[in-house]
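Engineer: Output the structure for:
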Amino acid sequence: MADDTLSDVERTAVKQRAAELKKQASRKGGTKKERELQDALEAIDGLPEPDKSIAQMVHEVVTEVAPQLDPKTWYGFPSYAKDGKVVVFFQQASKFDSRYGTLGFQDIAALDDGDMWPTSYALIADTPAVRERVAELVRRAAG
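Structural biologist: Sure thing, here's the model as predicted:
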């Protein structure tokens with residue numbers, strides 16, 4: 001933005017992330033992962049369609065092809081982490097009133113391909129071809 005201020009949506013996301021960090025910091029041990037999984041599932045369940053079904057598809061694919069990644073929320077997005085660092089996330093279209101949801105990857109993702117490569121993908125439907133492409137990307141990203 002020109003005046004370097006946060007929009008209402010951005011401000012809400014920052015507050016949401018702060019609350020997530022506070023909640024996550026208070027958790028310890030095996031129950032921490034269980035509660036973070038529950039947080040991710042609740043985030044998915046609370047989404048409007050079509051975001052909900054696409055996020056559910058992402059969750060199913062990630063847990064199938066990269067079970068070593070831990071589900072959690074990140075800025076309110078369902079995400080999947082390795083050693084506490086987010087590898088992949090689904091940014092729902094409804095959060096920012098966008099025309100498509102986004103499958104995004106953080107810098108820990110092993111997607112490197114020369115000097116330039118994509119780190120986010122528009123998702124508008126759950127089809128067999130989309131599932132296969134998501135699976136391929138997540139497998140690579142998870143290493």
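Engineer: Not counting its own residues, what contacts stretch 90-98?
Structural biologist: Stretch 90-98 has contacts (C-beta atoms under 8 Å, 6 or more residues apart in numbering) with 9, 13, 47-48, 50-51, 54-55, 58-59, 76-79, 99-104, 123. In this view, the C-beta of every residue, glycine as well, is placed from N, C-alpha and C.
Engineer: Tell me which of these fall in helices.
Structural biologist: 9, 13, 51, 54-55, 58-59 (DSSP state H).
Engineer: tell me the strands in the chain, going along the chain?
Structural biologist: 70-74, 77-82, 85-91, 101-105, 120-123 (DSSP state E).
Engineer: Can you list the strands that the first one pairs with?
Structural biologist: Based on DSSP bridges, the pairing partners of strand 70-74 within the sheet are strand 77-82 (antiparallel).
Engineer: got the angle for the strand it pairs with vs strand 85-91?
Structural biologist: Calculated by axes from the mean of the first three to the mean of the last three C-alpha atoms, to 10 degrees, strand 77-82 forms an angle of 160 degrees with strand 85-91.
Engineer: now the angle from strand 77-82 to strand 101-105?
Structural biologist: 20 degrees.
Engineer: Rounded mean pLDDT for strand 77-82, please.
Structural biologist: The pLDDT scores in strand 77-82 average 97.
Engineer: Touching, Q16 and G76? I think so.
Structural biologist: Yes: the criterion here is C-beta atoms under 8 Å, and Q16 meets it with G76 at 4.6 Å.
Engineer: who's more crowded, the two?
Structural biologist: For Q16 versus G76, neighbours defined as other C-beta atoms under 10 Å are more numerous around G76 (21 against 16).
Engineer: Spatially central residue in the chain, please.
Structural biologist: Among the residues of the chain, the one closest to the centroid is F89, at 1.8 Å (C-alpha atoms, centre = their mean).
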